[in-house]
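Sharing a model prediction with you, sequence too.
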Amino acid sequence: MSAPGAWVPGILVAGAAALAAFAVHLVAPAVPMLTSAVVLGVVVAQIPALRRRVDGVLKPGLALAARRLLRIGIVLLGLKLSLGDIVGLGWATIGMIVLIVLLTFLATLGLGRRLRLPGTQPILIAAGFSICGASAIGAVSAVTRGKGEDAATAVALVTLCGTLAIAVLPVLSVPLGMSPEEFGLWVGLSVHDVGQVVATAQIAGPAALAAAVVVKLTRVLTLAPMVAAVSLLQRRTDRRSAPGPEERGPGAPEPGRRPAIVPLFVLGFAAAVLVRSFLLPLVGGGASGVGSGAASVVLEAADVLQTALFGLALFALGTGIRFAQLARTGWRALAVGLASWALIAVLSLAAVELLA
């Protein structure tokens, strides 16, 4: 068990890295802050002198950032979602979003297992590419109790492919003859992290950005039922694989505590969605909704805090990447990530055509 206060050095370093990532974003707005944060973490982990500190004095704080702070950020992410905005999309669009999430998740999971990716990498990559990038990876990792490097690999892949999307999708939209609204729908359906969605959609203007954000946040809403389903499957797997009393033998420890069917932070996420949908409009005042008054201040503060927490957490996850370890299975993980990215882009493009 870590000594009291042992987490302070790691948190301070992660905070400094998040500030550096924000500075990069200010200089180059097309580069999302969270992408810079995870890249900084990966770079630090490859420098021998710094890696010794990452695995030593900084380890407790980085572990705290990668788990607890990430979960708090996920709860605050719920404040971005309004049930009214989601219903406004129409049931055809909502159904298409759910279908694309399911198809991408199952196909990516199947391919990852077929290529024999180690540990929990298949399910974490599937969650990241189908739902909402790093936040989904962190949420699913919390209930599967996977290794930190598995989550770091998945985060690195969604960061790579999401960054490629910022450059590739706007170029492809020109020969496809997409309107700004159609392009925004495509981006919201196919790009992973919220920051990457904003960076990609804003290239086509405010109409594309508005459509992309609403669709993307509706995808985020599938995080809660997906994590609950994964947690339930994990409980069943633990129950089947746990040895009975006879097999454990006298004096052997009891099996570890199974994960909750619905983790507390997922319940917090759902509660935040309800607060945004029903409570904050009352605070904001009448028809103006949450666009003014105290509610607006709350949402802006929550957005800043959520971004900061994700910045710390993604830097911490990035420090778990070791290129030497990835050399053994890296090409397989990269193949799964690129295939999943191509699949969700194609499915989303087909959905745009059908909905148009």
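Looks like it arrived, so ask away.

Could you find the closest non-adjacent residue to Gly61?
Gly10 (1.9 Å; CB to CB, 6 or more residues apart in numbering). C-beta: built from backbone N, CA, C; applies to glycine.

Could you double-check that Ala210 sits in contact with Gly184?
Yes - Ala210 is within contact range of Gly184, at 6.8 Å (criterion: CB atoms under 8 Å).

Mind checking which of these two has more residues around it?
With neighbours defined as other CB atoms under 10 Å, Ala210 and Gly184 compare such that Gly184 has more, 29 against 16.

ok, that one to Ala30 distance?
Distance check for Gly184 against Ala30: by CB to CB, to the nearest Å, it reads 17 Å.

what's the following helix or strand after the lowest-mean-pLDDT helix or strand in the chain?
None of the helices or strands of the chain scores lower by mean pLDDT, DSSP states H and E than helix 245-248, at a mean of 48. Per DSSP states H and E, the first helix or strand lying C-terminal to helix 245-248 is helix 264-274.

chain center to that following helix: distance?
16 Å (CA atoms, centre = their mean, to the nearest Å).

Touching that helix from outside, list them.
71-72, 74-79, 81-83, 139, 142, 221, 223-224, 227-228 (CB atoms under 8 Å, 6 or more residues apart in numbering).

any idea of the mean pLDDT for the helix or strand following that helix?
Next in sequence after helix 264-274, counting helices and strands by DSSP H and E, comes helix 280-284. The average of the pLDDT scores along helix 280-284 is 73.

Next: stretch 188-201.
On average, stretch 188-201 scores 83.

what about Pro170, how many neighbours?
Neighbours of Pro170 using other CB under 10 Å come to 18.

so what's it up against?
183, 200, 203-204 are the contacts of Pro170 under CB under 8 Å, 6+ apart.

thinking again about what came up before, how about the helix or strand encompassing the residue nearest to Gly61, which residues are buried there?
Applying DSSP H and E as the criterion places Gly10 in helix 8-27. By neighbour count on 16 or more other CB atoms under 10 Å, the buried set for helix 8-27 is 9-11, 13-15, 17-18, 20-22, 24-25.

is it true that Val187 touches Val197?
Yes - using CB under 8 Å, Val187 is in contact with Val197, at 5.7 Å.
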